[in-house]
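Q: 3D, please:
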Amino acid sequence: MTDPVEGLLEDVTEMTRQAAVDGLTLGSVYADVRLVLDLDPSADLPPEVLRACAVAWSSAHRDLDRHSDVLVLGWDELEDRLWDASSRPGAEPPDWAVLVETEDAASRPALLPPEDVLRAAADLLASRLGRAGEHVALVPRSGAVAGRVVALVQGEVERAEQVRSWVLDLAPVGTRVAATLHRLVHPDGVLGALRELDPRAARGD
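A: As a prediction, the model looks like this:
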């Protein structure tokens, strides 16, 4: 008798790649696969399905990086943008920073490296944040200090909460994604607020 999971792997790969292209989350793919396999919404997916999802997700985002016009900044580039905006009359500064960080889940092995998860989060946010003062930067790992994504958001707290919600379902099995909101209020402006949140990033370490 044919294993139904084995026959599903090709479809799972295609579903996952399409979800990445459409800006959806891995959580949405997992939900669809559970429906196909007639599993409870909280049930664990078979390991081979999780591996297929993780590989397809990482591959799809690498392809998107190569062909996308969406700009994910480094810290120096972000700082240059903010300095330039501060010198332009009438430019509206961002109101919020959404910080995205990852850590391995103790109960399960990670299916994707944290760097790939952060890159996917940065791509997702950069593709959806379109206001003039909104930017996304990827700060890479430095030694033992983990990398993070910094997304600058304009508007009320409801918009910042929406941006935060975009990344919460992004993590594959074995990786936790934390997205925290920070109001950008500081005597030295936006850059001063960001330096308080992440002095390492501000130094370019």
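
Q: now the strands: where do they sit in this protein?
A: Along the chain, counting by DSSP state E, strands occupy 96-104, 135-139, 148-153, 175-183.

Q: Could you list the low-confidence segments of the protein?
A: Applying pLDDT under 70 to the chain flags the ranges 1-7, 64-70, 104-112, 143-146, 169, 171-175, 199-205.

Q: spatially speaking, which residue is in the middle of it?
A: The residue lying closest to the centre of the chain (CA atoms, centre = their mean) is Ala121, at 1.3 Å.

Q: before we move on, the earlier item: would you mind finding the most buried of the strands of the chain?
A: Greatest average neighbour count among those goes to strand 148-153 (a mean of 26), per mean count of other CB atoms under 10 Å. C-beta: built from backbone N, CA, C; applies to glycine.

Q: Next, the contact list for the residue nearest to His135 when sequence neighbours are not counted, please.
A: Leaving aside its chain neighbours, His135 sits nearest to Leu152 (4.9 Å; criterion: CB to CB, 6 or more residues apart in numbering). Listed by CB atoms under 8 Å, 6 or more residues apart in numbering, the contact set of Leu152 reads 78, 94, 96-97, 129, 133-136, 184, 190.

Q: Scan the chain for its longest helix.
A: helix 47-67 (DSSP state H).

Q: surely Val12 meets Val49?
A: Yes - between Val12 and Val49 there is a contact under CB atoms under 8 Å: 5.7 Å.
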